[in-house]
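Colleague: how would this look folded up:
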Amino acid sequence: MNRRTAIRSLVAGSAAAVAREARADVTAMEVFLSRWDKAKAFTLQVADAMPADGYAFNPKSELREYGKLMQHIAANNAFYISRFKGGLPDSMKPPEQSDKETTLKYMTASFDYCAGVLKGLTEKDLAQSYPGRPNQPPQSGWDWVLHAFIHTAHHRGYAEVYLREKGITPPRYSV
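Modeller: Numbering: from 1, shown residues only. So this is what the prediction gives:
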């Protein structure tokens, strides 16, 4: 091995070690919060893609109206994350109206409420058990956090189908 190759290998190895060390300082919650912000932005784009007059639309009678579907995402996120606070605050209960403006404000408030709670959690908070749903066993803090994230993705997918039923191309997934 010549000297240049050896120096390049040494520099590359040192850079990799520094990068590994820097990543080790990032907590799992910091990584999650970054994804939560992206989920918020993308979910609000999907919500905003429906025109205001489409918020009462539902493709089948047994399904929620679009506005109610989007509020369901917000309400359940707040429900899951409120486990860490001992219950859902009144400000996070779904509004009576499900028009576009009201729904977008509520969704934004819910994502922000959840992010605020999540930022204050410790590893101990995430590892401990919290009451489950009725007739269900307790679950860890991480379980509740991941329930919120998966629930958002699940119903956001439904919302994109509603958009397509109206002839609207959903926002491009870009996370």
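
Colleague: okay, CA-based contacts and neighbour counts for the rest of this
Modeller: Noted.

Colleague: which residues sit against the biggest helix by length in the chain?
Modeller: Identified as the longest helix of the chain according to DSSP state H is helix 141-165. Contacts with helix 141-165, where a contact means C-alpha atoms under 8 Å, 6 or more residues apart in numbering, come from 36, 39, 43, 46-47, 49-50, 57-59, 66, 69-70, 73, 76-77, 80-81, 83-84, 125-130, 169-170.

Colleague: Selection in PyMOL covering whichever of these are buried, please.
Modeller: A single PyMOL command selects the buried members of these (16 or more other C-alpha atoms under 10 Å):
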select buried, resi 36+39+43+46+47+49+50+57+58+66+69+70+73+76+77+80+81+83+84+126+129+130+170
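
Colleague: check contacts around the closest residue to residue 52 other than its chain neighbours.
Modeller: Closest residue to residue 52 apart from its sequence neighbours, by C-alpha to C-alpha, 6 or more residues apart in numbering: residue 100 at 5.2 Å. By C-alpha under 8 Å, 6+ apart, the contact set of residue 100 is 48, 51, 52, 55, 67.

Colleague: So for the longest helix of the chain, what gets flagged as buried?
Modeller: 141-142, 144-145, 148-149, 151-152, 155-156, 159-163.

Colleague: Residue 46 and residue 170 touch, don't they?
Modeller: Yes. Taking C-alpha atoms under 8 Å as the definition, residue 46 is a contact partner of residue 170 at 6.3 Å.

Colleague: what about stretch 94-102, distance to the chain center?
Modeller: 20 Å (C-alpha atoms, centre = their mean, to the nearest Å).

Colleague: CA atoms of that stretch as CSV?
Modeller: Taking Å, rounded to 0.1, in the frame of the first residue of the first chain, the C-alpha atoms of stretch 94-102 are listed here in CSV:
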residue,chain,number,x,y,z
PRO,A,94,-62.2,17.3,18.5
PRO,A,95,-64.1,20.5,17.5
GLU,A,96,-67.8,20.4,16.6
GLN,A,97,-67.2,21.7,13.1
SER,A,98,-65.2,19.7,10.6
ASP,A,99,-64.8,22.3,7.9
LYS,A,100,-61.3,22.7,6.3
GLU,A,101,-60.2,25.8,8.3
THR,A,102,-61.2,24.3,11.7
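
Colleague: re the thing from before, tell me the one among the buried residues of helix 141-165 nearest to residue 27.
Modeller: The closest of the buried residues of helix 141-165 to residue 27 turns out to be residue 142 (C-alpha to C-alpha; 13.2 Å).

Colleague: coming back round to it: dump the contacts of residue 100 to TSV, plus secondary structure and pLDDT.
Modeller: Below are those laid out as TSV (DSSP: H, G, I helix; E, B strand; the rest coil; pLDDT from 0 to 100):
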residue	secondary structure	pLDDT
48	helix	98
51	coil	98
52	helix	98
55	coil	98
67	helix	98
